[in-house]
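Trainee: Here is my input, please return the structure:
(one chain, ligands or ions: 1)
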Amino acid sequence: MCGIVGVLGKHQAAPILVEALKRLEYRGYDSAGIATVNNGTLERRRAVGKLVHLSDLLVHEPLAGKSGIGHTRWATHGAPSTKNAHPHQAGPVAVVHNGIVENFKELRDKLAKLGLYHETETDTETVALLAQHYLSQGDSPRLAAQKTVGCLEGAFALAFLFHGEEDLMIAARKGSPLAIGHGDGEMYVGSDAIALAPLTDRISYMDEGDFAVLTRESLEITDKNGKLVNREIRKIAFDSARVDKAGYKHFMAKEIAEQPSVLTNTLRNYISADDKNIELPSNNINLAKIERLTIVACGTAFYAALTAKYWFEKIVRIPVEVDVASEFRYREPPVTPGTTAIFVSQSGETADTLAALRYMALKGATVLSVVNVPESSIARESDLVLPSYAGIEIGVASTKAFTAQLTVLALLAVKTAHAKGVINDIQYQEYITDLNCIPRLISQALSIDVAVQKVAQKLATAQDIIFLGRGSMYPLAMEGALKLKEISYIHAEGYPSGELKHGPIALIDKKVPVVVLAPMDALFEKSVSNMQEVMARAGKVLLLSCQQGLNAASDGTWATISMPAAPELITPIIYAVPAQLLAYYTAVAKGTDADQPRNLAKSVTVE
Ligand code: M6R
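Mentor: As a prediction, this is how the structure comes out:
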C-alpha cells in the first residue's frame, strides 16, 4: 500500500523521484506527488491517477531542487484526489507516508483545539500538522519529527522534508518497510530496494521502531528505545532489481512466460546437484517431529496454502489447518505446544499475514515462511525462511510467485514425508523426479497460448464465470476465479465441482461459461459427471484436461483446451498456467489494465 521515496542528491531531484516512483507504482496508483526544497523553499506537485499524470504535470510545472520526497498512493483515508495526494504539507514541513495512523481522529481533534485544521480527509495530514505544531513551539526539525512519531499509533513508514533544510531528511519506520540507500555524497530512502536500485546498490533496512536522520554525508539511526544503532549495509544485486517488460505488452505476460526459468531456479535452490535430495536452508527444525500444521496467507498465497493442505495431508499424513490471515488471529486460535505454522507471502509484508505470524510466534509456535522477498518483515521474523526465488514480481496479479510458492510447498511436503519415514527412499526419488518435470511441463502448458486467446475473446463478453475443480484443482479453481476478477473485472467464482449441485447450480444458464479443471486423475470420472450436470442445464463448459481426458469427455462441451499430462503431485502447478492465461487474455480482450487493475495494490500493508 503506497510507495515512498526520498532523495538528498547532487542532481535535480524531481526526475529521480519520478523514476523511483515508477518502480514503486505496483504498490498503488490512485495518485502521485513529489515535494522538493529549492533555495530553502518547500514546494510540491501532485496529480490524481497514475504516475504519468504527475510526469505530465511536471512538464508544464517543473519543480527544481536537489532534495525531495515522493509518493504513489493506494487510498485508505479519503478518496483518490489531488487534495488527498501526498506529500502532505503543513507550513514548513512535508510528509510522505505508507501505512495507517490509527489514532488520527483523536489527534485531529487535539490539533483543531490548537487551531490547526485539516484540509484533507487523510490520516497523513495529521502527521504534517503535528510536526508543524512542534516546530512552531521552537523544536528543531529532528525533535519535532521525533515527538510527532511518538504520538502516532498504527503502522507507518514516513519521510519528512523541511522548509529551509536542503540537507536534511527524516525517516521513521513502524509496521511498514523502509530501506535506506547509501550513495556517494547522496542519501536515499525508499519503500523497497527496487525503487533505489538504479541509484545505489548499498542498502540498509530500517528495523521496527527505527528513527533515522539523514544528510548527504551522514546517517544516524536510533532504535525504538532511543539507542544509537548501526544497520548493516548490504550490497543488492542490480540484476535482481531489474524491472522491465522485456518486449512483452504487460509485466504479467512476461511473468507468466518466465515461469519455466523461474521454477528451474527455485528447484535448483532446493534439489541437490545429483537430484538425490531436497535440501532446506540450515535450521534447527526437526521435520520428523511435525505432527500438524497451520498455514496462513492472503489472496493467491492463500490458494497456494490450500493446495499445500492436499499435499501435506495426502503425502505426509498430518492434519493441516489453512486460514486467511485476516480471519485467523481474531478467532484467537489456541496454540498447543509443538505447533508449526507456515506463512506464505510473495511480498513478505502483507499486514494481516505478518500479524498472524506475530500471534503464532508469541504463542510459542515454530514459524516457517515461504516468501519471495528475502529481506521482508515476514522473512525476518521467521524461524525458518524458505525463499520462493521467483524474482521481482511487478504485475499486481500474482503469477510466477504463485507457482514458485507451490513448488516450495511441494518440496517441503515431500521432504517432510521422507523425514518422517512416511515415504521410503524410492518414493522420495520418484517425487523428486516429478518435481524436476515442472519447468518442462510448464513450457508445454504455455504453448496453449493461442487456444486460450481464442476462448478469451468469448469469455470477455460474459458477466459471470464459474470455475470448477476437485481435489487439488479446487484451490486452483478459486485462484483462476480470483485472477479473472482481479484483472478483467468479470464476476467469477471457484467451487469444488461436487458442491455445485448444493446451490450454485441455480446460476447456470446458457450465458454462464463454466471452466472445468479436470486432469486425468482418480477424480476425473466424478469431475466429468459434475460437468455433465452443468451441460444438462445449458451451461457452456470449457474443459481443460490432457488429450486423453478430452478424448474421453469433450462431447457437448463449448470449448476445450489440451493440457500436458502431468504427475499428480505437480498437476496443480501446471494447471496454474491456463488459469493465468485465461485471466490475462480476457483482460486484454476487454482492454482493462492487466498490470495495474483498478482499486488494487500489489502489497497490502494495511489491515
Ligand atoms: O504479498 P502476498 O503474497 O502476501 O500478497 C497476498 C495477496 O495480497 C495477493 O496474493 C493478492 O491476492 C494478489 N493480487 C493476487 O493476484
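Trainee: Quick one: name the residues of the stretch 51-200 of the chain near the ligand.
Mentor: Among all residues of the stretch 51-200 of the chain, none is adjacent to the ligand (criterion: CB under 6 Å from any ligand atom). Bear in mind the C-beta positions are built from the backbone N, C-alpha and C, glycine included.
Trainee: Then the chain?
Mentor: 298-301, 345-347, 350, 353, 396-398, 486, 603-604.
Trainee: which SSE is residue 369 in?
Mentor: Residue 369 belongs to strand 366-371 when elements are defined using DSSP states H and E.
Trainee: Over to residue 44?
Mentor: strand 41-48.
Trainee: What residues sit buried inside that strand?
Mentor: 42-48 (16 or more other CB atoms under 10 Å).
Trainee: Ok, stretch 130-140 next?
Mentor: 130-135, 139.
Trainee: What mean pLDDT does that stretch get?
Mentor: In this model, stretch 130-140 carries a mean pLDDT of 97.
Trainee: just how off-centre is that stretch within its chain?
Mentor: Distance, stretch centre to chain centre, for stretch 130-140: 37 Å (CA atoms, centre = their mean, to the nearest Å).
Trainee: what's in contact with it?
Mentor: The contact list for stretch 130-140 (CB atoms under 8 Å, 6 or more residues apart in numbering) reads 90-93, 95, 107, 111, 114, 116, 141, 143-145, 147-148, 151, 160, 162.
Trainee: Mark which of these are part of strands, please.
Mentor: 90, 93, 95, 160, 162 (DSSP state E).
Trainee: May I have the beta-bridge partners of the fourth one?
Mentor: Pointing back at residue 160 there. residue 95, residue 170 (DSSP bridges).
Trainee: Contact partners for it?
Mentor: Here residue 160 is in contact with 69, 93-95, 131, 141, 145, 169-171 (CB under 8 Å, 6+ apart).
Trainee: ok, back up a step: out of the residues of the chain next to the ligand, who has the most neighbours?
Mentor: Within the residues of the chain next to the ligand, neighbour counts (other CB atoms under 10 Å) peak at residue 345, which reaches 34 neighbours.
Trainee: Strands of the stretch 301-450 of the chain, residue ranges please.
Mentor: Along the stretch 301-450 of the chain, the segments classed as strands by DSSP state E, counting those that start in this stretch run 320-324, 340-345, 366-371, 384-387.
Trainee: Could you dump these into a markdown table with mean pLDDT added?
Mentor: Listed next are those as a markdown table, based on pLDDT from 0 to 100:
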| stretch | mean pLDDT |
| --- | --- |
| strand 320-324 | 96 |
| strand 340-345 | 98 |
| strand 366-371 | 97 |
| strand 384-387 | 97 |
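Trainee: Tell me which residue in the chain sits closest to the ligand.
Mentor: Residue of the chain nearest the ligand, by CB to the nearest ligand atom: residue 299 (1.9 Å).
Trainee: Quick check: that residue touching residue 398?
Mentor: Yes - using CB atoms under 8 Å, residue 299 is in contact with residue 398, at 7.2 Å.
Trainee: Just the strands from the stretch 451-600 of the chain, written as ranges.
Mentor: Under DSSP E, counting those that start in this stretch, the stretch 451-600 of the chain gives strands at 464-469, 491-496, 513-517, 540-546, 559-563.
Trainee: Return the list of strands paired to the last one, each annotated with direction.
Mentor: Paired with strand 559-563 in the same sheet, following DSSP bridges, are strand 540-546 (parallel).
Trainee: any idea of the mean pLDDT in stretch 279-295?
Mentor: Stretch 279-295 comes out at a mean pLDDT of 93.
Trainee: Give me the spatial nearest neighbour of residue 200, chain neighbours excluded.
Mentor: For residue 200, ignoring the flanking residues on the chain, the nearest one in space by CB to CB, 6 or more residues apart in numbering is residue 181 at 4.3 Å.
Trainee: OK, contacts around that neighbour?
Mentor: Contacts here follow CB under 8 Å, 6+ apart; on that basis residue 181 touches 187-190, 193, 196, 199-200, 202-203.
Trainee: Likewise for residue 80?
Mentor: Residue 80 touches 30-31, 48-49, 73, counting by CB under 8 Å, 6+ apart.
Trainee: Most neighbours among the residues you listed, please name it.
Mentor: In the contacts of residue 80, the most neighbours by other CB under 10 Å go to residue 73, 29 neighbours.
Trainee: Would you check that it makes contact with residue 85?
Mentor: Yes - the pair residue 73 and residue 85 qualifies as a contact (CB under 8 Å) at a distance of 6.1 Å.
Trainee: shared neighbours of these two, anything?
Mentor: Contacts common to residue 73 and residue 85, judged by CB under 8 Å, 6+ apart, are 31-33.
Trainee: In JSON lines: those, plus pLDDT, distance to residue 228 and secondary structure.
Mentor: Below are the shared contacts of residue 73 and residue 85 laid out as JSON lines (pLDDT from 0 to 100; distance: CB to CB, whole Å; DSSP: H, G, I helix; E, B strand; the rest coil):
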{"residue": "31", "pLDDT": "96", "distance to residue 228": "37", "secondary structure": "strand"}
{"residue": "32", "pLDDT": "97", "distance to residue 228": "35", "secondary structure": "strand"}
{"residue": "33", "pLDDT": "98", "distance to residue 228": "33", "secondary structure": "strand"}
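Trainee: quick one, strands of the stretch 151-300 of the chain?
Mentor: Going by DSSP E, counting those that start in this stretch, the stretch 151-300 of the chain shows strands at 154-162, 169-174, 179-182, 187-190, 202-205, 211-214, 219-222, 228-229, 234-235, 293-297.
Trainee: tell me what the last one is packed against?
Mentor: To tie it back to what came earlier, the one meant is strand 293-297. Secondary-structure packing of strand 293-297 (3 or more CB pairs under 8 Å, 6 or more residues apart in numbering; DSSP states H and E): helix 299-311, strand 320-324, helix 325-328, strand 340-345, helix 351-362.
Trainee: Tell me the buried residues in that strand?
Mentor: Within strand 293-297, the residues scored as buried using 16+ other CB under 10 Å are 293-297.
Trainee: Reformat the strands of the stretch 451-600 of the chain as TSV; add distance to residue 122.
Mentor: Listed next are the strands of the stretch 451-600 of the chain as TSV, based on distance: least, CB to CB, whole Å:
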stretch	distance to residue 122
strand 464-469	36
strand 491-496	31
strand 513-517	41
strand 540-546	45
strand 559-563	46
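Trainee: Of those, which is nearest residue 261?
Mentor: strand 559-563 (20.3 Å; CB to CB).
Trainee: out of the residues of the chain next to the ligand, who's nearest residue 523?
Mentor: Using CB to CB, the residues of the chain next to the ligand come closest to residue 523 at residue 300, 23.2 Å.
Trainee: Excluding chain neighbours, what is closest to residue 209?
Mentor: residue 224 is the one closest to residue 209 (CB to CB, 6+ apart), at 2.6 Å.
Trainee: Let me know the distance separating that neighbour from residue 30.
Mentor: Between residue 224 and residue 30 the computed distance is 31 Å (CB to CB, to the nearest Å).
Trainee: Who are the contact partners of residue 516?
Mentor: So residue 516 contacts 468-469, 497, 527, 530-531, 534, 541-544 (CB under 8 Å, 6+ apart).
Trainee: And for residue 533?
Mentor: Counting by CB under 8 Å, 6+ apart, residue 533 has contacts 500-501, 505.
Trainee: Not counting its own residues, what contacts stretch 307-316?
Mentor: Residues beyond stretch 307-316 that count as contacts (CB under 8 Å, 6+ apart) turn out to be 290, 293, 295, 318-320, 322, 342, 344, 406, 409-410, 412-414, 416-417, 420, 422-423, 431, 471-472, 475-476, 569, 572.
Trainee: Any idea how far that stretch is from the middle of the chain?
Mentor: Counting by CA atoms, centre = their mean, stretch 307-316 comes out at 24 Å from the chain centroid.
Trainee: With stretch 558-578 instead?
Mentor: 25 Å.
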